[in-house]
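In: need a 3D model of the following:
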Amino acid sequence: MSRNNLAISIFQCCFLFINIAIAVSEISSTSPPSIIRLPLGIRQKLSYSGISSASKHLASRDTVSLYNDEGTEYLVTIGIGTPPQNFTVALDTGSADLWIPSIACQLNDCILARFDPQKSSTYIDTNYPFSIVYGIGDVRGYYGMDTVKIGEIKVPMQQFGLADATKTMIMPYDTNDDNKPLDLLANGILGLGFSHLSSAGISGLGEYDPFIINLAKNGLIPKPVFSVFMNSYSSRDWSGELFLGGVVPSKFKGKIVYAPVTPSSKTESDTNKYTYWMVSSQFFKIVDNQTKFMESSFEAPKNLIIDTGATLTYVDKKLAKALVIAAVGDGNWEVDNDNSFYMVNCNAYKSKKRLEIGISQTIGRISSTPIILSIPVKDLIFPFDSDIAPDDKKCSFGIAAWSEKRSVDKNSILVGDSILRSMYLVFDMGNHLIGFSQAVGSTSTVTGPEFNLTSTSESKMSLVQFMFILAIFILL
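Out: Got it, this is the predicted structure:
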């Protein structure tokens with residue numbers, strides 16, 4: 001082939017490539033899948049029933065509701081099987097498996113609804129074992145596959161865990177709460193972490209597609225993204241929302257600022273291995289206008305795990321003590337040794353102080369222009385016996401020290417609902433990003449520079465430009 005003919009062929013390939021790219025772009029913009037909106041709910045007390053999460057381990061739009069489970073966890077309703085068997089499960093970005101109780105689980109362990117595979121015409125048994133150890137208990141069983149319904153969508157062949165044995169995971173419900181329907185008690189977990197964090201991934205059985213990835217692969221959501229609006233601590237019942245496939249601007253103020261997810265390690269093929277939704281944190285501060293009451297700046301960034309399945313926020317003992325003293329004043333707090341959290345004077349609810357958390361947009365490096373999450377200290381004060389802090393004498397503080405009994409990396413920081421409910425959160429599985437913004441109704445603030453992410457389309461166009469340059473070079 002002559003140089004001219006080769007150049008012409010390259011031009012033709014470029015022209016065809018551009019037309020294909022334009023066509024794909026037009027097709028994807030005409031009828032994208034909907035963003036699914038689901039309501040969330042929570043309950044309101046630190047002493048609670050249901051799944052214990054306070055000390056567990058580490059386009060057009062529809063809605064999926066979240067139930068506010070007394071301030072301890074956020075619940076969502078799902079259906080599994082054909083016809084669907086319904087379960088209320090805890091929303092948990094700190095784990096990666098969806099699991100529910102099996103009919104084989106004894107009633108003293110699984111006191112609520114149990115899944116019966118024989119009643120589902122679409123159930124498939126995998127014969128793979130399933131096991132997760134949490135901070136205060138564990139769950140064991142086996143994996144199955146079936147259709148999972150959430151909101152108005154159904155995803156087929158979703159792998160999930162069937163628990164035939166649990167230890168202190170599904171707690172007895174409060175028999176004194178006659179107004180509490182049993183279907184509003186947590187009865188399983190919807191893990192939304194990365195596949196390497198799943199029981200199958202950790203045990204070496206092999207990862208499977210997480211729920212969000214499966215939704216995107218089946219064309220049920222536009223992209224593997226979900227976002228969470230929890231609403232305030234005092235908002236009751238189905239007051240929060242889970243959005244599958246994107247973001248909903250009416251639920252946040254200002255811009256969304258993104259930070260890259262920190263990988264846990266490298267795989268054998270030298271690719272990043274993602275497990276937790278964690279970012280690089282570089283400082284914690286307690287401030288009031290121009291006054292700085294305390295600052296703990298890290299010499300090297302610490303992993304900040306974003307965990308919607310944890311009630312409180314956990315840091316090392318030294319940092320926890322410094323934060324509670326700066327927030328409420330020395331002498332206005334004491335340690336609850338039974339539960340390892342701080343009890344504080346409820347007058348701290350009147351404080352004008354703010355907690356500031358610095359997050360780097362460069363993995364593993366300190367940034368000169370970090371993202372700053374600013375949360376009012378009053379949002380970290382929770383009453384024991386009344387609905388609002390000013391009406392109570394003793395309150396709990398939303399930040400606690402890691403328990404000495406827990407085998408965790410004490411250099412890591414786990415951010416739970418005590419802080420996260422002040423934010424609108426975006427979890428982008430495809431690009432490995434977490435977005436933060438001020439939630440509607442909150443007085444928190446989020447500041448930081450834009451995060452530059454080169455899109456796939458931009459990369460393809462640079463390839464086209466290279467091919468044109470190559471063709472011109474050959475002609476010359």
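In: from what I can see Asn127 touches Gly144, true?
Out: No: here Asn127 lies out of contact with Gly144, judged by CB atoms under 8 Å, at a distance of 9.4 Å. Where you see a C-beta, it was placed from the backbone N, CA and C, and this is true even at glycine.
In: who has more neighbours, those two?
Out: Taking other CB atoms under 10 Å, Asn127 and Gly144 do not tie; Gly144 has more neighbours (24 against 7).
In: can you pull the pLDDT of that one?
Out: pLDDT for Gly144: 96.
In: partner residues bridging it?
Out: Taking DSSP bridges as the rule, Gly144 bridges to Asp125, Phe160.
In: pull up the distance across stretch 192-202, start to finish.
Out: Distance between the two ends of stretch 192-202: 15 Å, counting by CA to CA, to the nearest Å.
In: which residues does Val257 contact?
Out: 371, 435-437, 446-451 (CB atoms under 8 Å, 6 or more residues apart in numbering).
In: quick check: beta-bridge partners of it?
Out: Applying DSSP bridges to Val257, the residues it is bridged with are Phe436.
In: pretty sure Lys119 is touching Thr82, no?
Out: No: checked against CB under 8 Å, the pair Lys119 and Thr82 is beyond contact range at 9.2 Å.
In: of the contacts of Val257, closest to Ser239?
Out: Among the contacts of Val257, Ser437 lies closest to Ser239 (CB to CB), at 18.4 Å.
In: and the closest one, how far from Leu184?
Out: Counting by CB to CB, to the nearest Å, the separation of Ser437 from Leu184 is 29 Å.
In: who has more neighbours out of the two?
Out: Between Ser437 and Leu184, counted using other CB under 10 Å, the more crowded position is Ser437 (25 against 19).
In: list the contacts of the nearest residue to that one once chain neighbours are set aside.
Out: The shortest distance from Ser437 to any non-neighbouring residue, by CB to CB, 6 or more residues apart in numbering, is to Phe252 (4.0 Å). Shown in contact with Phe252 (CB under 8 Å, 6+ apart): 229, 424, 437-440.
In: could you do Lys119 as well?
Out: Counted by CB under 8 Å, 6+ apart, Lys119 has contacts 81, 83, 85.
In: export the residues you listed to CSV and tack on pLDDT and distance to Gly430?
Out: As requested, the contacts of Lys119 are arranged in CSV below (pLDDT from 0 to 100; distance: CB to CB, whole Å):
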residue, pLDDT, distance to Gly430
Gly81, 98, 29
Pro83, 97, 32
Gln85, 97, 31
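In: give me the buried subset of these.
Out: 81, 85 (16 or more other CB atoms under 10 Å).
In: okay, and Leu323 sits in which element?
Out: helix 317-328 (DSSP states H and E).
In: which strands and helices lie in contact with that helix?
Out: If contacts are counted by 3 or more CB pairs under 8 Å, 6 or more residues apart in numbering; DSSP states H and E, helix 317-328 sits against strand 278-288, strand 291-306, strand 341-345, strand 394-397, strand 399-401.
In: so which of those strands is the most surrounded?
Out: For the helices and strands packed on helix 317-328, the largest average neighbour count (mean count of other CB atoms under 10 Å) is found in strand 399-401, namely a mean of 24.
In: now the helix or strand following that strand: mean pLDDT?
Out: Once the chain leaves strand 399-401, the next helix or strand it forms, by DSSP H and E, is strand 413-415. For strand 413-415, mean pLDDT is 96.
In: hey, C-alpha coordinates of the helix or strand just after strand 413-415 in CSV?
Out: For strand 413-415, the succeeding helix or strand toward the C-terminus, using DSSP H and E, is helix 417-420. Provided in CSV are the C-alpha atoms of helix 417-420 (Å, rounded to 0.1, in the frame of the first residue of the first chain):
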residue,chain,number,x,y,z
ASP,A,417,-24.5,9.1,60.4
SER,A,418,-23.8,11.6,63.2
ILE,A,419,-21.8,13.7,60.6
LEU,A,420,-23.1,12.3,57.3
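In: show me what secondary structure element comes after helix 417-420.
Out: Assigned by DSSP H and E, the successor of helix 417-420 is strand 423-428.
In: mind listing the strands that next one pairs with, and their directions?
Out: strand 225-229 (antiparallel), strand 433-439 (antiparallel).
In: now tabulate these in JSON lines and tack on distance to Ile256.
Out: Formatted as JSON lines, the strands paired with strand 423-428 follow (distance: least, CB to CB, whole Å):
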{"stretch": "strand 225-229", "distance to Ile256": "9"}
{"stretch": "strand 433-439", "distance to Ile256": "4"}
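In: now tabulate these in a markdown table and tack on mean pLDDT and distance to Trp99.
Out: Listed next are the strands paired with strand 423-428 as a markdown table, based on pLDDT from 0 to 100; distance: least, CB to CB, whole Å:
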| stretch | mean pLDDT | distance to Trp99 |
| --- | --- | --- |
| strand 225-229 | 96 | 18 |
| strand 433-439 | 98 | 24 |
